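Fold the following for me, if possible:
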Amino acid sequence: MGFRLANIAGRAALVAGEHYYDLQAVSGGSLSADPMKAIAHPDQLSAITAKLAGHTPTGNLADVTLGAPVPHPQKSFAVGLNYQAHADEGGMEVPKAPLVFTKFPSCLVGPTATVEMRSDFCDYEGELVVVIGKGGKDIAPGDAWNHVVGLTIGQDISDRVAQFVAKPPHFDLGKSFDTFGPLGPVLVSVDELPDRDNLRITCAVNGEVRQDATTAAMIFDVPTLISCLSRITTLVTGDIIFTGTPDGIGATQGKFLRDGDVITTTIDGIGTITNR
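So this is what the prediction gives:
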């Protein structure tokens, strides 16, 4: 059995069905209430999850507001043009190596947070987000999944004006405005998922499905991304990787976000995040 970890008012909580259990309480104090410290102990999280039936739930998920399950990563990476169809829709050449940029950790917010736009040319990009568990340097692709503590959902909100105001583009700045990184709803351990390499991802705006693909279509898969990044920088527990978005973005359709729009992003086995 794996685990589903949430952030509730800054405290780590295990999730089972519609209920949550305060981690520090159900662990008898052996695990920290800090979500960033909790993810360093995946084996204990799984062991405690297997025994949750013997505990009284702390509360119902419907009664609380979730925060980002990984609120303060040391490093936050993102990958551009990692789906062939997305590169095609923008008329852009597929990179020969992962196109990596940083998405400032300060942009991260919870799964139901409001996105604060600063222009009329903001875009949505639903993505699978990988969270590093055991850190490392020069990680081999064949060992990469052993360094993943779990997966979650992200929205790589993008201000296209800020992104393309200069040449080369400012991918980092255009995608790092405050609130431009909704994350959640929970961190799901890989063994909770039916097929870690083939997860359906959809993104809808006001109920209209704009993106619908599978992570199996990534050009550079999760092990490749982890291996490439770890050759340059030592990955540490809690580092996150936005793995790229499928086709269907607003810019190519002339459908930029407007005040009051509701973005709903779902990945099978992980859940849904909803952002206005």
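
Could you check how far stretch 50-58 is from the centre of its chain?
27 Å (CA atoms, centre = their mean, to the nearest Å).

hang on, I meant stretch 66-83
Here stretch 66-83 is found 5 Å from its chain centre; the criterion is CA atoms, centre = their mean.

For the longest helix seen in the chain, which helices and strands make contact with it?
The longest helix of the chain (DSSP state H) is helix 222-232. Other elements packing on helix 222-232 under the criterion 3 or more CB pairs under 8 Å, 6 or more residues apart in numbering; DSSP states H and E are strand 76-80, strand 99-102, strand 126-132, strand 240-242. Backbone N, C-alpha and C define where each C-beta goes, glycine included.

out of the ones you listed, which comes closest to Ala62?
strand 126-132 (23.5 Å; CB to CB).

Is Lys137 in contact with Thr234, as I believe?
Yes - with contact defined as CB atoms under 8 Å, Lys137 and Thr234 form a contacting pair (4.5 Å).

Just want to check the distance between the nearest residue to Gly2 once chain neighbours are set aside and Ala87.
Among residues not flanking Gly2 along the chain, Ser189 sits closest, at 3.3 Å (CB to CB, 6 or more residues apart in numbering). Using CB to CB, to the nearest Å, we find Ser189 at a distance of 31 Å from Ala87.

Same drill for these two, tell me which one is more crowded.
Set Ser189 next to Ala87 and count neighbours by other CB atoms under 10 Å: Ser189 wins out with 22 against 19.

List the residues that contact that one.
Contacts for Ser189 (CB atoms under 8 Å, 6 or more residues apart in numbering) come out as Gly2, Phe3, Arg4, Pro42, Leu45, Ser46, Val149, Gly150.

could those go into CSV alongside pLDDT?
CSV is the format used below for the contacts of Ser189 (pLDDT from 0 to 100):
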residue, pLDDT
Gly2, 96
Phe3, 98
Arg4, 98
Pro42, 98
Leu45, 98
Ser46, 98
Val149, 98
Gly150, 98
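
Which of these are buried? Put it as a ChimeraX command.
In ChimeraX, a selection of the buried entries from those looks like this (16 or more other CB atoms under 10 Å):
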select :2,3,4,42,45,46,149,150
